[in-house]
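K.L.:
for reference, the sequence and a predicted model appear below.
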Amino acid sequence: MARAEEDHDLVGREREARELRELLAAHRMVSVTGRAGVGKSRLARAVTTATADGPWRRIVRVRGTDGGTCPPGALAASVVRTLTGPGAAPDAADPDVVGAVRALRDTRILLFLDDADPVRAECTGLAQRLLMAVPDLRILVTSHRPLGLGHEQVLRLRGLALEEPAGGDGAAPAVELFLARARTRAFAPRGAELRAVREVCRLLEGHPRAIERAAGQLADRPVAQVASLLARRQDRLARARYRLCAAELRTVWARASAFAGSFAESTAVFVCAGDTVAEHRVPGALARLAALGVLEPVGDRSGPRRPRYRMARAAREFGAEQLRESGEFPMAAERRVAHGRRVAAVAEHLWSAGGQRQAVHLVLDERDELTDTVRCALARPEHAQAALKMVVDLWFWWAVYDRAEEGLGYLLRLLPHCAPDGPSVVRAQWLAAWLAAHHDPRTARALLDRAWPAAVLAGDDAAIGRIAHVQGVLALAQGDAREAAEHFRFAADTVPDHAPAGPSPAVSRAVLALVQAGFDPDAARHSARRALTHPGIRDDAWAALLARCARAVVDHRCGHRGPALRRARRALEAVEGQLPAPYGRATLARLVADIESGAPAEPRRPAPPRPRTDVRLPDRAASTSRH
């Protein structure tokens, strides 16, 4: 029965639940953050209930708002009472939490501090003190924003997704939750009713608590009426707030509606300033719009970073309507694309210059806005060239962090709208070929056939070498390891050192070593060493990961299990835990598991990032390749 209730609570949150379980298993301090009502406490309760047999013996849950008031020491006193029993009367001035934990026979405890916002400062100090004093203790916190501790792992919850899963298999998570909470048992929407359910979820931005309340109204009114009432209410609310604003505030509201996701204050200055709005006036206008409820501050506002905001959907739609009526929409769209290009260019520069962690954090911060900018550009051919440059600059996001399907889709849809001799076209073609090589070799070869002559005519050694790298991937997919090795060797020898906008020569050298491990271990060891000593390897964390992976695989292949295990573990420890897992980490994890289990050494073919569905060239592009 408890298991059924837990599954019911996790409707639409299966992916987040899986991620939280992994974080709790691997780290001592985990925080689940997000706006009010997004389901932080529910997710944390369900996951901890289901994983009671995790790396702890006891779960202690304490709510930050217990008792209704929050005097100093209230949280620590609640923890002591929970640990020692309801009859305990801890010293309110200085409750000994550390002593209470140590007094237990087994200190392997998961301390679940639920809804910590009212006692945020005390929670931060308490968590830090306990983690230092009790090595076996683990702490789980739910709050609007992270505590900011050094080893804190953060799972940020957003509204449930409104898009259906890839392949159309099943309903969108937000719709799934609505249907699960619908009180009318006979409610099985189709056609117009199902569209109304989707509209309700869209109007509520996937907010779980609001969706549940809307589903509860089905006992009194049809779903179409629920959607209509929500639309009218949100529109009236937006108009009422708009009338309260001065002219300058209305202008900033309208221009900021061009952002689909969260945006930084500096970005808003870039897009919203101009004409009657001075640059220095934009930050104040954003703060006033946040006070009116038009904008929602996001992120950790207590840190050194400048504020970020997100506009509520109803306010954004109303603002976009005003922006179109004022005739400023084209200008806002152009500025938005320019901003996306600037962000992508900065991210690519950071990656190439050794700031790979910062590059990924920048993309994560701007991900919603970058994605929506590209999607809007697909409908506006005049922005296709700029959007293509933006997608190409983000090559590492698609290739290294398992976003190949998304990146490939954008490239194949943008290329037909760009001039064949455009500056980014050759880079876009070999990048698309790389992303498609394993799953769709036919498309990859057609793209390389176009990219190769242009790269040779331009004398672009970086592009020529990277085309060879993709040819190596294609040869490997056909089972010809020796031919693949020749292509990877050519790529490693041809791509200039520190060449931006693509994988470094050390990456090709590391993959060469992985391929050679299957038929020439001595050559593989030599290639792995060269990869590890390549100029700039210290500033290229991803190339270093692949090179260490190659050396560990070669050691294992040669029967040196101890060194292989040590190298693999050290490489895994160097991976940034707060970022998505990079390509190569899974191979290392499998290698560690194989060595620990005593499995025989088998050569592993390095597979490139790959999309999950077959993607063909657009007709126009395909016809060009045939000629």
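P.N.:
On my side now, so go ahead. Every value quoted in this text rests on a predicted model; they were computed, and no experiment measured them.
K.L.:
use CA for all of it now, contacts and neighbours both
P.N.:
Fine.
K.L.:
hang on, R310 in a strand?
P.N.:
Yes - if the criterion is DSSP: H, G, I helix; E, B strand; the rest coil, then R310 is within a strand.
K.L.:
tell me how far it lies from P496.
P.N.:
R310 sits 42 Å away from P496, going by CA to CA, to the nearest Å.
K.L.:
looking at those two now, which is surrounded by more residues?
P.N.:
The neighbour comparison of R310 against P496 (other CA atoms under 10 Å) goes to R310, with 20 against 16.
K.L.:
tell me, how many residues neighbour A278?
P.N.:
Neighbour tally, A278, other CA under 10 Å: 12.
K.L.:
got any ranges where the stretch 451-600 of the chain has weak pLDDT?
P.N.:
Flagging of the stretch 451-600 of the chain using pLDDT under 70 yields the residue ranges 578, 599-600.
K.L.:
all the strands of the chain, residue numbers only.
P.N.:
Using DSSP state E, the strands of the chain run over 29-33, 58-63, 109-114, 138-143, 153-156, 263-264, 295-298, 308-311.
K.L.:
leaving out chain neighbours, which residue sits closest to P297?
P.N.:
Y309 (4.4 Å; CA to CA, 6 or more residues apart in numbering).
K.L.:
pretty sure that neighbour sits against V298.
P.N.:
Yes - the pair Y309 / V298 is scored as a contact, 5.4 Å apart, by CA atoms under 8 Å.
K.L.:
need the overlap of contacts for these two.
P.N.:
Counting by CA atoms under 8 Å, 6 or more residues apart in numbering, the contacts common to Y309 and V298 are S262.
K.L.:
quick one, which of those two is more surrounded?
P.N.:
Between Y309 and V298, counted using other CA under 10 Å, Y309 has the larger neighbour count: 22 against 17.
K.L.:
ok, so what distance separates that one from D368?
P.N.:
When Y309 is compared with D368 (using CA to CA), they lie 12 Å apart.
K.L.:
overlap in contacts of these two?
P.N.:
In contact with both Y309 and D368: S262, using CA under 8 Å, 6+ apart.
K.L.:
centre-most residue in this structure?
P.N.:
L364 (5.6 Å; CA atoms, centre = their mean).
K.L.:
neighbours around G459, how many?
P.N.:
11.
K.L.:
what segments of the stretch 401-550 of the chain are helices?
P.N.:
404-414, 425-436, 441-458, 461-477, 481-494, 505-516, 521-532, 541-557 (DSSP state H, counting those that start in this stretch).
K.L.:
so how far is G584 from the residue nearest to the centre of the chain?
P.N.:
20 Å.
K.L.:
for G125, same thing?
P.N.:
G125 is 37 Å from G584, by CA to CA.
K.L.:
more crowded one of those two?
P.N.:
G584 (23 against 12).
K.L.:
got the contact list for the more buried one?
P.N.:
545-546, 549.
K.L.:
equivalent analysis for A127, please.
P.N.:
The contact partners of A127, by CA under 8 Å, 6+ apart, come to I139.
K.L.:
need the pLDDT of it.
P.N.:
Here the pLDDT value assigned to A127 is 86.
K.L.:
for the stretch 251-400 of the chain, what spans make up the helices?
P.N.:
265-272, 282-291, 313-325, 329-352, 356-378, 384-393, 395-400.
K.L.:
now distance to R209 too, for these, in TSV please.
P.N.:
Shown next, in TSV, are the helices of the stretch 251-400 of the chain (distance: least, CA to CA, whole Å):
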stretch	distance to R209
helix 265-272	29
helix 282-291	22
helix 313-325	16
helix 329-352	32
helix 356-378	23
helix 384-393	35
helix 395-400	33
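K.L.:
so which of those is the most surrounded?
P.N.:
Highest mean neighbour count among the helices of the stretch 251-400 of the chain (mean count of other CA atoms under 10 Å): helix 384-393, with a mean of 24.
K.L.:
show me what the mean pLDDT comes to for that one.
P.N.:
92.
K.L.:
now it against helix 425-436, angle please.
P.N.:
In terms of direction (axes from the mean of the first three to the mean of the last three CA atoms, to 10 degrees), helix 384-393 departs from helix 425-436 by 50 degrees.
K.L.:
mind giving me the packing neighbours of helix 384-393?
P.N.:
helix 329-352, helix 356-378, helix 404-414, helix 425-436 (3 or more CA pairs under 8 Å, 6 or more residues apart in numbering; DSSP states H and E).
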